[in-house]
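1. Pasting a predicted model and its sequence here:
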Amino acid sequence: MSNTPLNFRAATLAEAPAIVALVESAYRGDSGRRGWTTESDLFDGPRTSKWEVAQLLENPDSRVLLAHRDGALVACAHIRKKKNSCYFGMFAVNPELQRAGIGKQLIHEAERVAREEFRCVQMEMTVISVRAELLAWYERRGYRRTGKLRPFPAGNGCPGFAKKTELYFELLVKRI
């Protein structure tokens, strides 16, 4: 894949299967191990589903951003408006292209959309507290750890099946 510029746009419902495939490849199984964002050692099972992605796409206060390069889907992220803040999640970059700056560009675009289109002044996200390298990556992008933890959901609502206990989400915030 070349170094041509990324093209960003909002996803359509027809693209839900491609989004699921990208997210699964970045976070689960052996394909996820090719990148540094894998959760394969923490979870078994799916990270998302076509139904979940469709729900996000049908919500008017929600947007799934896609990044394409040379016509190929290389990254995605979800933004959801919550009053004057936006929640950022479902962030995935093709594992073979991680460490190439795509994630930095997509998070910058997500912040722009949150600020200019959703009129938000803050971006929020939750990160699994044991993901030290991921927490550090977000801190380098200006996100601040709040110290606010909440238990990781079990059973229904759990993205996959946890291999470890004592998992928590930590809230990170950034003024945008």
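-> Arrived safely, thanks for sending.

2. Which helix runs longest in this protein?
-> In the chain, taking DSSP state H as the definition, the longest helix is helix 102-116.

3. Keeping just the C-alphas, turn that helix into CSV.
-> This file holds the C-alpha atoms of helix 102-116, laid out as CSV (Å, rounded to 0.1, in the frame of the first residue of the first chain):
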residue,chain,number,x,y,z
ILE,A,102,-2.7,6.2,10.3
GLY,A,103,-4.1,6.1,13.8
LYS,A,104,-2.8,9.5,14.6
GLN,A,105,-4.4,11.0,11.5
LEU,A,106,-7.7,9.3,12.2
ILE,A,107,-7.9,10.4,15.8
HIS,A,108,-7.1,14.0,14.6
GLU,A,109,-10.0,13.7,12.1
ALA,A,110,-12.3,12.3,14.8
GLU,A,111,-11.5,15.2,17.1
ARG,A,112,-12.2,17.6,14.2
VAL,A,113,-15.6,16.0,13.5
ALA,A,114,-16.5,16.1,17.2
ARG,A,115,-15.5,19.8,17.5
GLU,A,116,-16.9,21.1,14.1
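
4. immediately after it, which helix or strand?
-> strand 122-128 (DSSP states H and E).

5. which residues touch that following strand?
-> Contact partners of strand 122-128, identified using Cβ atoms under 8 Å, 6 or more residues apart in numbering, comprise 39, 42, 82, 84-89, 110-111, 114, 134-135, 138, 143, 150, 152, 167-176. No exception for glycine: its C-beta is placed from N, CA and C like everyone else's.

6. OK, contacts around Leu13?
-> Going by Cβ under 8 Å, 6+ apart, Leu13 touches Ala54, Leu57, Glu58.

7. can we see that at 10 Å?
-> For Leu13, the contacting residues are Lys50, Val53, Ala54, Leu57, Glu58, Val64, by Cβ atoms under 10 Å, 6 or more residues apart in numbering.
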